[in-house]
Every structure is written in structure tokens, then in C-alpha cells.
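**Q** Would you be able to build a 3D model of this:
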Amino acid sequence: MKVTGFPKATYYYWVNCFERVNKDELIEKEMLKIRQEHANAGYRPMSELLKQRGYHHVNHKKVQRLMKKLGLRVTSYWHKSRKYNSYKGKVGTVAKNKFTDDSELPFLIKKSQQIRQNSNIMKMEFRKSVISILTLIYLIAR
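**A** Here you go, the predicted model:
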């Protein structure tokens, strides 16, 4: 203990850990047998197969932990076989270009600007009329 520098309690803790009996040894052996029969069984099928064989007290978390300890990984479902691509080719029809004549385009742009300006003017006039009505109501109520 003086050579390693470990405290006495830590030393005896690890000594007792190595002398401890593996209480999951029967389950581990059964899991290895199941793996030989079912090569790609993950933790969910493995836990169901264990329950079918009489190990009803085994939790799925314990099965996961033991599979990790034994190195029973399912490698056949790890990666996607190809990258996802949503392209499905040319679908539907492309709309015809209605602005073939360039002389119509500036006219339409000018019209849309006028409509926008007129709506702003109408909003301002509406605000002014509302304010005038409110002032009249205030003056009458006095």
C-alpha cells in the first residue's frame, strides 16, 4: 500500500471487487447462446427471448449493460446505406411566361406602385378623420 500510494480503504475495496462472484453469469451464458441463434438481436429482442426462456426478472437496462460488457453489438443496422435526397425529377408543368413583351412590365410595376401610394394616402386620411371625430366627441362631452 505504501508503494502504490492508495489509501487502505481503496485497496481493500478493489481486492473485494476482484474476489466477488459474478451473479449474472447464467444470464450472460444464455445471452451468448441466444446470440448464436439470432445474430442481429438487439437488447429488446434479447430481453424478450430471455423472458421466453424463463429469465423473467431481467430488466431491459440490465440486458443493455450486459450486452455492452460482452461486446454483443448489432452492427448490421448502424449506418444508412445512402444519403437522403428528396429530388424526384421534373414534377408537374412549368408555367408559361406571360411577360414576353417587355413593354408591359414597366406599366405593371408603375401601377403597383400607384396602388401602394393610394392605400397609404387612404390610411392617412382615415386616421385624420378618426382624430377629428374624437376631438368633436371630446368637445361635446365637456
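**Q** any idea how far residue 66 is from residue 38?
**A** Distance of residue 38 to residue 66, given as C-beta to C-beta, to the nearest Å: 15 Å. C-betas here are computed from N, CA, C, even on glycine.
**Q** Compare these two and say which one has the larger neighbour count.
**A** Counted by other C-beta atoms under 10 Å, residue 38 and residue 66 do not tie: residue 66 has more neighbours, with 18 against 12.
**Q** mind checking which helix or strand that one is in?
**A** Assigned by DSSP states H and E, residue 66 belongs to helix 60-70.
**Q** quick one: contacts of that helix?
**A** 24, 27-28, 31-32, 43-44, 46-47, 50, 73 (C-beta atoms under 8 Å, 6 or more residues apart in numbering).
**Q** Going by neighbour count, which of those residues are buried?
**A** Among the contacts of helix 60-70, those classed as buried by 16 or more other C-beta atoms under 10 Å are 27, 31, 43, 46-47, 50.
**Q** taking the residues you listed one by one, which sit in strands?
**A** Cross-referencing the buried ones among the contacts of helix 60-70 against strands under DSSP state E gives no overlap.
**Q** In CSV, list the residues you listed along with pLDDT and distance to residue 91.
**A** Supplementary listing: those in CSV, determined by pLDDT from 0 to 100; distance: C-beta to C-beta, whole Å:
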residue, pLDDT, distance to residue 91
27, 94, 54
31, 94, 50
43, 91, 42
46, 93, 44
47, 94, 45
50, 95, 50
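**Q** sorry, back to before: export the helix holding residue 66 to CSV, keeping only CA atoms.
**A** What follows is helix 60-70, C-alpha atoms only, in CSV (Å, rounded to 0.1, in the frame of the first residue of the first chain):
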residue,chain,number,x,y,z
HIS,A,60,-34.0,-4.3,-20.4
LYS,A,61,-31.5,-1.9,-18.8
LYS,A,62,-29.6,-4.9,-17.4
VAL,A,63,-29.7,-6.6,-20.8
GLN,A,64,-28.2,-3.5,-22.4
ARG,A,65,-25.5,-3.3,-19.7
LEU,A,66,-24.6,-7.0,-20.1
MET,A,67,-24.6,-6.8,-23.9
LYS,A,68,-22.2,-3.8,-23.7
LYS,A,69,-20.0,-5.8,-21.3
LEU,A,70,-19.9,-8.9,-23.5
